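**Q** Provided below for reference: sequence and predicted model.
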Amino acid sequence: RGAAGDDAYTANVTGDSFLRYVVDADGRIEWGPGSSARDTTLRRLFANHLITDGELDVATDFQIGGKSQGRGVLNYTDQGSNVTGVTTTETTIIDTGAINWPNDRAYSIEVVLYGLSSVAGDQIQVRVKRDTNGGTTWHDYFGAIYASNAGGTNNRPFYAKKIVVRTAGVTLSNTGVVITGNRFSGTGTIAFNQSGSNQAYVCVTDIGKASNYPNAMAIT
């Protein structure tokens, strides 16, 4: 062809107003619906580098250097409302509801909470559990939040924890994540509060193949 931007190969369906598929002489590839201009591209940006001008969806697994990079967020659940009046009884703070966990995958469970107590020096326990408040403990962290001061809007001891788990043998179906909290030590009343600028949530993300995380907790 005379120039790098000249069409080297084109295709369309009878009746189309626009070409559906075009490959330029320099290798740039364009796709479209045939009823309007082409809107999807894949091209060389510079040496050993490809770029698309839109979005790229991977249906199964994205890998770099032979290592799975995961399939993205599996579930995100906001706390939704404040949980107050908690003492020693383990109380549900966030419940994701049912999640299907594909087999042979590894997941990070990220938990962000804001806890406070009416009495300075109290310790607040946070647990990550399987499916229900009384379910199997996937993560047990005693005294996760230390309330250095008593109550008040400025006292938001922060808890952030990311744990890695993996499915082992079977797909884990209809199984949620439940975050519980209670007063581990002390005498005060505990609250787990959130706001627009202090958001509390659970985020479950597929981070790759289970075999890449052999020492992660196997969840069944």
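**A** Done, it's in.

**Q** Please count neighbours and contacts with C-alpha atoms only from this point.
**A** Will do.

**Q** Model confidence for the closest residue to Asn82 other than its chain neighbours, exactly?
**A** Excluding the flanking residues, the one nearest Asn82 by C-alpha to C-alpha, 6 or more residues apart in numbering is Asn193, at 4.6 Å. In this prediction, Asn193 carries a pLDDT score of 91.

**Q** List the buried residues of stretch 196-207.
**A** Ala200, Tyr201, Val202, Cys203, Val204, Thr205, Asp206, Ile207 (16 or more other C-alpha atoms under 10 Å).

**Q** Correction: the previous question concerned stretch 64-72.
**A** By 16+ other C-alpha under 10 Å, the buried positions in stretch 64-72 come out as Ser68, Gly70, Arg71.

**Q** how long is that stretch end to end?
**A** Start and end residues of stretch 64-72 are separated by 15 Å (C-alpha to C-alpha, to the nearest Å).

**Q** same thing with stretch 61-68?
**A** 7 Å.

**Q** First-to-last residue distance for stretch 126-146?
**A** End-to-end distance of stretch 126-146 (C-alpha to C-alpha): 11 Å.

**Q** for that stretch, the distance to its chain's centre please.
**A** Distance of stretch 126-146 from the chain centroid (C-alpha atoms, centre = their mean, to the nearest Å) equals 19 Å.

**Q** what does that stretch contact?
**A** 90-92, 95, 97-98, 115, 121-125, 157-159, 163, 175-182, 184-185, 217, 219 (C-alpha atoms under 8 Å, 6 or more residues apart in numbering).

**Q** Separate out the buried members of the residues you listed.
**A** 90-92, 95, 115, 121-125, 157-159, 175-182, 184-185, 217, 219.

**Q** Export the buried residues of stretch 64-72 as TSV, with columns for pLDDT and secondary structure.
**A** Below are the buried residues of stretch 64-72 laid out as TSV (pLDDT from 0 to 100; DSSP: H, G, I helix; E, B strand; the rest coil):
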residue	pLDDT	secondary structure
Ser68	88	strand
Gly70	93	coil
Arg71	92	coil
